[in-house]
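> What would the 3D arrangement of this be:
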Amino acid sequence: MFTIEQLSAFVETVETGSFSAAARKLGKVQSAISQHIMTLEIDTNQQLFDRSGRYPQLTKAGKRLLPQAKAVIAQHRRLSQQLKSLDESEPQTLTLALDEGVPYGELAQHLSAFSTAWPNIELEFLNASSHDIIQLIQHRRADIGLVVSEITYPDLVEFETIGSIEFDLMVSTNHPLAKTELTHLDMLKLHRQVVIGARDRSPSLYNLQHSPDVWFADNYYMIAELIKGGFGWGIVPKHIMQDALMAKQVCSLPANFQQLDWLANIDIIQHLGTGNAASQELRRQLRLMMQSSRG
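Below you'll find the predicted structure:
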């Protein structure tokens with residue numbers, strides 16, 4: 001019967017591209033990796049790699065096995081983390097990382113309920129972009145994250161969708177785009193775009209670059225100030241711009257640009273297997289917060 005070690009050797013060989021690289025990644029000698037895979041091939045009665053070239057290539061059987069092997073490894077990690085948590089004492093601290101694009105104006109009352117249930121827990125709050133929060137969770141710098149949803153998350157990051165927010169394409173009322181008849185999306189490329197995130201960051205659902213002229217900021221409130229100042233157009237959470245809309249400092253672009261408006265999910269994210277009773281209660285309060293924000 002196959003073992004986790006065999007499956008790990010198989011998956012790492014695929015992901016790193018060679019037996020030697022997999023050995024380095026797993027901290028083993030190359031012969032051990034080769035032996036694990038050979039044994040796995042015997043146990044499955046299938047050749048998993050074509051070894052005729054310089055680097056091993058997956059066979060059809062190997063390609064079929066790969067997603068199943070990854071699923072078993074992920075489940076094993078989850079089980080290991082949960083078993084480990086059974087031996088841990090009551091947590092003393094929890095770190096909550098929040099994307100400021102998420103509406104959390106009613107957070108205080110829900111924190112009050114959490115504090116009543118867990119009076120001895122020390123809470124730490126971090127503000128960051130969703131991209132950075134995912135990294136914080138992945139590296140266990142934060143326990144729980146509240147983020148704008150991504151299509152995929154790293155293997156050891158689990159998520160739960162608890163709400164949504166509306167994004168809208170906005171400009172200053174003094175910006176040329178606000179005073180021009182807009183007939184096609186390419187007209188946006190003639191004007192600067194302000195984008196959430198760092199200049200060297202990989203594109204995400206909420207920071208796609210449409211214009212060749214781009215300014216970057218790491219938080220939506222800076223984006224809002226740049227838009228109000230007339231420095232460019234941007235796609236931002238509508239609730240952040242509500243006061244500026246009421247004051248007629250900014251406006252939404254016309255209806256023929258609505259394909260750039262979108263409704264984004266809000267996710268709670270957490271590292272696999274790190275949950276405990278306190279974090280479950282905090283997650284419950286965050287769910288209630290999002291429910292109340294929807295009215």
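
> which intervals of the stretch 151-295 of the chain have sub-threshold pLDDT?
When residues are selected by pLDDT under 70, those of the stretch 151-295 of the chain lie in 198-207, 254-261, 293-295.

> in the longest strand seen in the chain, what's buried?
If you go by DSSP state E, the chain has its longest strand at strand 157-172. Neighbour counts using 16 or more other CB atoms under 10 Å place 157-159, 162-163, 165, 167-172 of strand 157-172 among the buried residues. Placement of C-beta: from N, CA and C, glycine included.

> what's the answer for stretch 171-183, then?
So stretch 171-183, judged by 16+ other CB under 10 Å, has buried residues 171-173, 175, 177-178.

> Quote the end-to-end distance of it.
16 Å (CA to CA, to the nearest Å).

> And Gln270, its phi and psi?
Torsion angles at Gln270 (phi, psi; degrees, to the nearest 10) stand at phi -160, psi 150.

> Please look at it and Leu156 and confirm they touch.
No - applying CB atoms under 8 Å as the test, Gln270 and Leu156 come out as separate, 9.9 Å apart.

> Look at the two and report which has more neighbours.
Gln270 (21 against 17; other CB atoms under 10 Å).

> The more buried one bridge partners, please.
Gln270 forms beta bridges with Ile144, Glu158, as assigned by DSSP bridges.

> in the stretch 151-295 of the chain, which spans are strands?
Taking DSSP state E, counting those that start in this stretch to define them, one finds strands in the stretch 151-295 of the chain at 157-172, 193-196, 214-217, 234-237, 250-252, 262-271.

> how about those strands in TSV, adding distance to Arg284?
Converted to TSV, the strands of the stretch 151-295 of the chain look like this (distance: least, CB to CB, whole Å):
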stretch	distance to Arg284
strand 157-172	10
strand 193-196	29
strand 214-217	33
strand 234-237	24
strand 250-252	35
strand 262-271	10
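
> To Ala71, which of the ones you listed lies closest?
Ala71 sits nearest to strand 157-172 of all these, at 13.8 Å, using CB to CB.

> Which elements pack onto that closest one?
helix 130-138, helix 220-228, strand 234-237, strand 250-252, strand 262-271, helix 277-293 (3 or more CB pairs under 8 Å, 6 or more residues apart in numbering; DSSP states H and E).

> Adding distance to Ala108, write these out as TSV.
Listed next are the helices and strands packed on strand 157-172 as TSV, based on distance: least, CB to CB, whole Å:
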stretch	distance to Ala108
helix 130-138	20
helix 220-228	19
strand 234-237	20
strand 250-252	28
strand 262-271	18
helix 277-293	10
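
> which of the ones you listed is buried the deepest?
Greatest average neighbour count among those goes to strand 234-237 (a mean of 24), per mean count of other CB atoms under 10 Å.

> Tell me the helices and strands packed up against that strand.
By 3+ CB pairs under 8 Å, 6+ apart, strand 234-237 packs against strand 157-172, strand 193-196, helix 220-228.

> okay, the angle between the helix ranked longest in the chain and strand 157-172?
Scanning the chain for the helix with the most residues, using DSSP state H, yields helix 60-86. With axes from the mean of the first three to the mean of the last three CA atoms, to 10 degrees applied, the angle from helix 60-86 to strand 157-172 works out at 100 degrees.

> quick one: buried residues of helix 60-86?
Applying 16+ other CB under 10 Å to helix 60-86 flags 62, 65-66, 69-70, 73 as buried.

> can I get those in TSV with distance to Ser34?
What follows is the buried residues of helix 60-86, written out as TSV (distance: CB to CB, whole Å):
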residue	distance to Ser34
Gly62	15
Leu65	17
Leu66	18
Ala69	17
Lys70	20
Ile73	19
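
> Past the longest helix of the chain, which element shows up next along the chain?
strand 93-98 (DSSP states H and E).

> Neighbouring strands of that next one in the sheet, and parallel or not?
When DSSP bridges is applied, strand 93-98 pairs with strand 122-127 (parallel), strand 144-148 (parallel).
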